[in-house]
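Got a predicted structure plus its sequence, pasted below:
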Amino acid sequence: MTLKILGALVGLALLAGCGGPASTSGSGGAGAGNAGGIGAGGAGGAGMAGRATPGSQEDLAQTAGDRVLYETDSSQLTNEARATLDRQAAWLATYPRVTILVSGNCDERGTSEYNLALGQRRAIVARDYLVARGVASARLRAISYGKDRPTALGSDPQSLAQNRNAITSLQ
């Protein structure tokens, strides 16, 4: 009987560590971050109480947000995107040894060539904004995946909006 109770408590503890409340930022393939407000995922390891390991991908996502969203056919930063990047710059100042990759992404519409170029502009704009906020350019790398790595599946307006992003990932 005691073994059953202990097993149940361990199972609940594991579920609590995995399922915590949805954060206001995302990483991995689950959706949008502070700019879009959908849950966290990715690598780095969250603790039992839902707090991420300091300096991890989850910590970046929970603390600053790991992505910014763009309007259709645009690489201009919105005010919300600037606010997220300001938080990212502050987070990166706290962890000066962390290097990151900023990946620009597009929704499924348009040609592969067009989306690769637009994704590159999005990644570069986000990277350059971080550099302007004091992050050393040697710590940042930008890449475009065009429409090849959607974060949301589907062709509905919400999915398309989530796929127009620049995602900041730890290297």
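Thanks, I have the structure now. Residues are numbered from 1 along each chain as shown.

can you confirm Val135 is in a helix?
No: counting by DSSP: H, G, I helix; E, B strand; the rest coil, Val135 is located in no helix; its state is coil.

was I right about it contacting Ala90?
No: under the criterion of C-beta atoms under 8 Å, Val135 is not in contact with Ala90, lying 9.8 Å apart. Backbone N, C-alpha and C define where each C-beta goes, glycine included.

Counting neighbours, what do you get for the spatially closest residue to Ser112 that is not a sequence neighbour?
Nearest non-adjacent residue to Ser112, counting by C-beta to C-beta, 6 or more residues apart in numbering: Gly146, 5.8 Å away. When neighbours are defined as other C-beta atoms under 10 Å, Gly146 has 20 of them.

How about Leu92?
Close neighbours of Leu92, defined as other C-beta under 10 Å, add up to 22.

what's the distance between it and Ser159?
Applying C-beta to C-beta, to the nearest Å, the value for Leu92 to Ser159 is 29 Å.

picking that back up, of Val135 and Ala90, which one has the most company?
Applying other C-beta under 10 Å to Val135 and Ala90 shows that Val135 carries more neighbours, namely 22 against 14.

Tell me the spacing between the nearest residue to the more buried one once chain neighbours are set aside and Asp73.
What sits nearest to Val135 in space, not counting adjacent residues and going by C-beta to C-beta, 6+ apart, is Leu92, at 5.0 Å. Applying C-beta to C-beta, the value for Leu92 to Asp73 is 29 Å.

elements contacting the helix or strand containing the residue nearest to Val135?
Leu92 belongs to helix 79-94 when elements are defined using DSSP states H and E. Packing partners of helix 79-94 (3 or more C-beta pairs under 8 Å, 6 or more residues apart in numbering; DSSP states H and E): helix 57-63, strand 67-69, helix 112-132.
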